[in-house]
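*Asks:* Take a look and give me a structure for this.
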Amino acid sequence: MIRNRRTRIVATLGPASRAPDMVRTLAQAGVDVFRLNFSHGTHDDHQAALNAVRAAEAHVGRPLAALADLQGPKFRLGAFAKGRIAIAPGQAIRLDGDAAPGDGRRAPLPHPEVLKVLRRGMEVVLDDGKVRLRVTDVADGHVDTEVVCGDALSDRKGVSVPGATIPVPALTAKDRKDLDFALRIGVDWIALSFVQHAGDVAELRRLVNGRAQILSKIEKPAAIEHLEAILDVSDGLMVARGDLGVEMATEEVPVAQKTIVRAARRRGAPVIIATQMLESMTASPSPTRAEASDVANGVYEGADALMLSAESASGAYPREAVTVMDAIIRRVEADPNWPSLMRAEHGADADEDVDALIAAATRAAQARSTACLVAYTTTGSTARRVARERPILPVLAIAPNEKVARQLGLVWGLEPRVATQPRGIAAMTDEAAHMAAELGLAAAGARVLIIAGPPMGAPGAANLLRIAHAPRTRGS
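*Replies:* This next block holds a predicted model:
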């Protein structure tokens, strides 16, 4: 099952979509990566969802990636005596570490690490931005605040402190248990929430130990300040716009999105744009025009993938959301101006020999008689480097095992498949040409450009560019 588009689709599984029949339906509609959100659901739920993904993979005949998204440290208020309080701008509220239920004068904040970073004049954002408080005084064990906006607070609402770096480990005790489980069941990507600096990723990388690829979620301003260092230790990024929108001014979020996407593209690291892309489709079978434009802009920016969250996890129209996103992506990629935008956003050329070879291959692929590129890749590195060039032609990425092929399902423009490593260059050339023809990527007689790194099967830089022609039949 070949998808005639380059930008990939990530869909979150949840109560509305984790049943096997629905997972298969979403895969047929075009999902490339299925997200298991460990902020919700039990381990049994996620095991069943992954089983459904693997069954759908066999049905559609192409690799499907599984992404485990760890919850990360979440800061929340405690409870209120009556479950809820009314508030008004100008009202004074004390935040303290006392576990006793709150009232109209105080609210429990059982996180001493948050109280310690607060300073006079800082803002405290509650309930995803619905309530904002300004710190008016700081004392030992509590802070006094004034309501800036909002009309109510209830139990266990989320707490954010824009601009502050809170000294907590990125991996909580819950995350460690979830990580161990996710690795045991064989997920392909691990997403780390609330990354603030490169050090947050180091412990995760040690624990993962090569068993999955690591995706850093950029949802705090501090992470943008350390973006290059985070990229040094990450395999990919996610633009988590929901929490970014809480942590920074709304008008800053689109600029942050472009900054993150461009940084990832320069490195050839896959990048996902996430949150509220088709939010209205949680309750409506069609999106707003603004949402359609948001999806389109993500494609024009050259993001590797766009993500559905509540739309597919708990919404009423998960299949329709995937279908609409797929249609928007295809329409944008059919725009005659789209290829020039991909080239305009291209990063600086790297100096390594493999990058020079791949750059030459993508330029050669612009010839009218060339149908597709084929990249033999042992670890996925060669295929990702090809994707970094954003070639408009299809790219068949041939990997020696399912794990690598699934991981490449997140990467822009790649059509990953599993095949045993051929013995020798002649066998490689024949196999690539026939596979491209059988998958419908190359018509009979069309040119196929092959990138590989002999000796076959040995990890390392690609050093061979070969030309082949698609045969008419398997035996020809």
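
*Asks:* Helices along the stretch 301-450 of the chain, start to end?
*Replies:* 310-313, 318-333, 338-344, 353-364, 381-388, 402-408, 425-438 (DSSP state H, counting those that start in this stretch).

*Asks:* again with the stretch 1-150 of the chain
*Replies:* Using DSSP H, counting those that start in this stretch, helices in the stretch 1-150 of the chain cover 20-29, 43-60, 112-117.

*Asks:* residues making contact with the longest one?
*Replies:* Looking back up the chat, that one is helix 43-60. 1, 13, 18-20, 23-24, 26-28, 34, 36, 38, 41, 63-64, 66, 68, 178, 181-182, 185-187 (CB atoms under 8 Å, 6 or more residues apart in numbering). Where C-beta positions appear, they are placed from N, C-alpha and C, glycine not excepted.

*Asks:* Of those, just the buried ones, PyMOL syntax please.
*Replies:* Those of the contacts of helix 43-60 that count as buried under 16 or more other CB atoms under 10 Å are selected in PyMOL with:
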select buried, resi 13+18+23+24+26+27+34+36+38+41+63+64+66+68+178+182+185+187
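
*Asks:* Just the ones of the contacts of helix 43-60 in strands?
*Replies:* Leu13, Phe34, Leu36, Ala66, Ala68 (DSSP state E).

*Asks:* Now do the residue most central in space within the chain, the pLDDT please.
*Replies:* Centroid-nearest residue in the chain, with CA atoms, centre = their mean: Ile272, separated by 3.6 Å. pLDDT, Ile272: 98.

*Asks:* List the pairing partners of the host helix or strand of it within its sheet, with orientation.
*Replies:* Taking DSSP states H and E as the criterion, Ile272 maps to strand 271-274. The pairing partners recorded for strand 271-274 under DSSP bridges are strand 236-240 (parallel), strand 305-308 (parallel).

*Asks:* Which among the ones you listed is found nearest to Arg5?
*Replies:* With CB to CB as the measure, strand 305-308 is the member of the strands paired with strand 271-274 nearest Arg5 (10.9 Å).

*Asks:* List the buried residues for that closest one?
*Replies:* So for strand 305-308, counting by 16+ other CB under 10 Å, buried means Ala305, Leu306, Met307, Leu308.

*Asks:* chain center to that strand, what's the gap?
*Replies:* Put simply, strand 305-308 sits 7 Å off its chain's centre (CA atoms, centre = their mean, to the nearest Å).

*Asks:* So what's the model's average confidence on it?
*Replies:* 98.

*Asks:* contacts for it?
*Replies:* Residues contacting strand 305-308 (CB under 8 Å, 6+ apart): 7-12, 32-33, 35, 238, 270-275, 277-278, 295, 298-299, 318, 321-322, 325, 329, 410, 412.

*Asks:* again, only this time at 7 Å
*Replies:* 7-12, 32-33, 35, 270, 272-274, 277-278, 295, 298, 321-322, 325, 410 (CB atoms under 7 Å, 6 or more residues apart in numbering).

*Asks:* and if you look at stretch 5-17?
*Replies:* By CB under 7 Å, 6+ apart, stretch 5-17 touches 23, 26, 30-37, 40, 49, 67, 272, 299, 303-309, 312-315, 318, 322, 325-326, 329-330, 333, 409-410, 412-413.

*Asks:* Just the buried subset of these, written out for ChimeraX, thanks.
*Replies:* Selection of buried members from these for ChimeraX, criterion 16+ other CB under 10 Å:
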select :23,26,30,31,32,33,34,35,36,37,49,67,272,299,303,304,305,306,307,308,309,312,313,315,318,322,325,326,329,330,333,409,410,412,413
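
*Asks:* burial count for Ile218?
*Replies:* 30 (other CB atoms under 10 Å).

*Asks:* sec struct for the closest residue to it other than its chain neighbours, please.
*Replies:* With sequence-adjacent residues excluded and distances taken as CB to CB, 6 or more residues apart in numbering, Ile218 is closest to Ile260, at 5.3 Å. Assigned with DSSP: H, G, I helix; E, B strand; the rest coil, Ile260 falls in the helix class.
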